[in-house]
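Peer 1: heads up, no residue letters with this:
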């Protein structure tokens, strides 16, 4: 059974942390996610010797990539709220010779001094934190004047699923978006960065299309919870899923959503 991926802040208490590891690995392999990675990195304007933080680092894949860019004179610190994720990141780092470190930590209250890093990155994290405003404030605090922030996140009200059953599709999108702590975070990112004094704000919208299998991983657990709470009708959901399965068989399935990649510079 799929876990509810809206509960990423509770990975260590989910009973199946490995599900979230598998889910992230699968998500990172999506072609549109892969295409977004260089855009996020471009927003950081990295150079040799830079010191960088990656918040919500998961299993560390992006930490490793950044470490290769900043070289041996630089360093990268990965921070994640989940001990299970950090343990997996450290395990994967053992096979590499890179200037990286991983810490369990809260993005809303980072244990770093002011102006520690040249750049700070976050991907698919702010939608899950209880206080996204506090997390952005911390990102700004720990970078140096002139430093860069680049954030990648989704706006879940942009979720599109091709189904002839419009009322059920709309109900599913609303239930999933509202089940995410900050389901509208994508559209809010430019404003949040500006409110915390960031300049040179750049906004890139990027569509992310997913296959039928990943849709099940993504929303299956949340829809089960929404039905149990009486928010969705089980009979309608079964018929809706069957219609999507039929579309998959016919080669006409389509689902996707919009990613926002927002970057900026801290004032000198």
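Peer 2: Looks like it came in fine. Everything quoted here is computed from the prediction, not taken from an experiment.

Peer 1: can you pull out the low-pLDDT segments for the stretch 101-250 of the chain?
Peer 2: The model of the stretch 101-250 of the chain has no residue with pLDDT under 70.

Peer 1: where do the helices sit along it?
Peer 2: Using DSSP state H, counting those that start in this stretch, the helices of the stretch 101-250 of the chain run over residues 132-142, 166-179, 185-195, 212-228, 234-250.

Peer 1: make CSV out of the ones you listed and add distance to residue 108 and mean neighbour count.
Peer 2: Where C-beta positions appear, they are placed from N, C-alpha and C, glycine not excepted. Shown next, in CSV, are those (distance: least, C-beta to C-beta, whole Å; neighbours: other C-beta atoms under 10 Å):
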stretch, distance to residue 108, mean neighbour count
helix 132-142, 4, 21
helix 166-179, 20, 18
helix 185-195, 13, 19
helix 212-228, 23, 18
helix 234-250, 34, 14
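
Peer 1: mind putting those in CSV, distance to residue 204 included?
Peer 2: As requested, the helices of the stretch 101-250 of the chain are exported to CSV (distance: least, C-beta to C-beta, whole Å):
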stretch, distance to residue 204
helix 132-142, 18
helix 166-179, 21
helix 185-195, 11
helix 212-228, 22
helix 234-250, 29
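
Peer 1: buried set for the helix or strand that contains residue 26?
Peer 2: Residue 26 is part of helix 17-28 when elements are defined by DSSP states H and E. Using 16 or more other C-beta atoms under 10 Å as the test for burial, helix 17-28 gives 17, 19-21, 23-24, 27-28.

Peer 1: now swap in stretch 32-39 and tell me
Peer 2: The neighbour-count check on stretch 32-39 (16+ other C-beta under 10 Å) flags 33, 36-37, 39 as buried.

Peer 1: let me know the closest of those residues to residue 165.
Peer 2: Of all those, residue 33 has the smallest distance to residue 165: 27.8 Å, by C-beta to C-beta.

Peer 1: check the gap between that closest one and residue 164 for me.
Peer 2: 28 Å (C-beta to C-beta, to the nearest Å).

Peer 1: can you point me to the longest strand in the chain?
Peer 2: strand 143-161 (DSSP state E).

Peer 1: which strands and helices sit next to that strand?
Peer 2: helix 31-44, strand 117-123, helix 132-142, helix 166-179, helix 185-195, strand 255-266 (3 or more C-beta pairs under 8 Å, 6 or more residues apart in numbering; DSSP states H and E).
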